[in-house]
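> Sequence first, predicted coordinates after that:
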Amino acid sequence: MSTLKKKQKMNIRYFSWPQYFITFFSLAILGGLPALMYGGETIWQEIQHYLIWYLLYWAIVAAILWGFIMYQKYAAFDKPIRELSEAANLVAAGDFSIYLKPLHASEHLGYLDAMFNDFNTMVEELGSLETMKTEFISNVSHELKTPLAVIQNYAMALQADALAPEQRKEYTDTIITAS
């Protein structure tokens, strides 16, 4: 099956509307928390009165969001890419037994899963090409060694001084046939 057909069957997911809305509404609620916490006559008066606390609150919220986003980035992107890089280095060194497992279940494959599947297909093809190359070299080597051995043996026999002219002719014909 071609790679394009495999990708179409995998139902690759690049963007998720539910995740987008969850993030949007979470940030909207966090943005309104200071006003809800301090109450008062006007939000502007409260902000002026509690400005340092307000800035500290947002610094803490930003740090928590930053930490969460960095962890998500590491788990969803950096770690798999590092694994792919290490596997590519092993393949470059000649190890074609590498297999990378998809990160998600088959119904929720992402673009990194598609990349892993393509990598696995590439490694399989390279491994089969390596096997074919080795077999080809072995066969060519065998096919060349056999006539060369015959040529060498008869050439050494021709060096003997006590050979009859008919035997020399026979040995020479054998050498020509083998070559």
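Perfect, thanks for sending it. Residues are numbered from 1 along each chain as shown.
> What is the neighbour count of Leu112?
As a burial measure, the neighbour count of Leu112 was computed by other C-beta atoms under 10 Å and equals 19. Placement of C-beta: from N, CA and C, glycine included.
> Just the element for it, please.
Assigned by DSSP states H and E, Leu112 falls within helix 111-158.
> Please name every helix or strand in contact with that helix.
Here helix 111-158 touches helix 3-10, helix 79-92, helix 165-178, going by 3 or more C-beta pairs under 8 Å, 6 or more residues apart in numbering; DSSP states H and E.
> Can you flag the weakest of the ones you listed by average pLDDT?
When the helices and strands packed on helix 111-158 are compared on average pLDDT, helix 3-10 comes out lowest at a mean of 50.
> Quick check: which ranges of the chain have low pLDDT?
Segments of the chain classed as low confidence (criterion: pLDDT under 70) are 1-17, 20, 24, 28, 31-49.
> now stretch 158-167, how far from the centre of its chain.
65 Å (C-alpha atoms, centre = their mean, to the nearest Å).
> for it, how far is the first residue from the last?
Using C-alpha to C-alpha, to the nearest Å, the gap from the first to the last residue of stretch 158-167 comes to 9 Å.
> between the helix holding Leu112 and helix 165-178, how big is the angle?
Between the direction of helix 111-158 and that of helix 165-178, the angle (axes from the mean of the first three to the mean of the last three C-alpha atoms, to 10 degrees) works out to 170 degrees.
> can you give me how far helix 111-158 is from the chain middle?
Its chain's C-alpha centre lies 25 Å from the corresponding centre of helix 111-158 when counted by C-alpha atoms, centre = their mean.
> helix or strand for Asn72, which one?
For the record, residue 72 is Gln, not Asn. Using DSSP H and E, Gln72 maps to helix 51-73.
> What helices and strands are in contact with that helix?
Secondary elements touching helix 51-73 (3+ C-beta pairs under 8 Å, 6+ apart): helix 17-38.
> quick revisit: now the helices and strands packed on helix 111-158 as JSON lines including mean neighbour count and distance to Leu65?
Below are those laid out as JSON lines (neighbours: other C-beta atoms under 10 Å; distance: least, C-beta to C-beta, whole Å):
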{"stretch": "helix 3-10", "mean neighbour count": "12", "distance to Leu65": "31"}
{"stretch": "helix 79-92", "mean neighbour count": "14", "distance to Leu65": "20"}
{"stretch": "helix 165-178", "mean neighbour count": "13", "distance to Leu65": "80"}
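> Kind regards, and thank you for your time.
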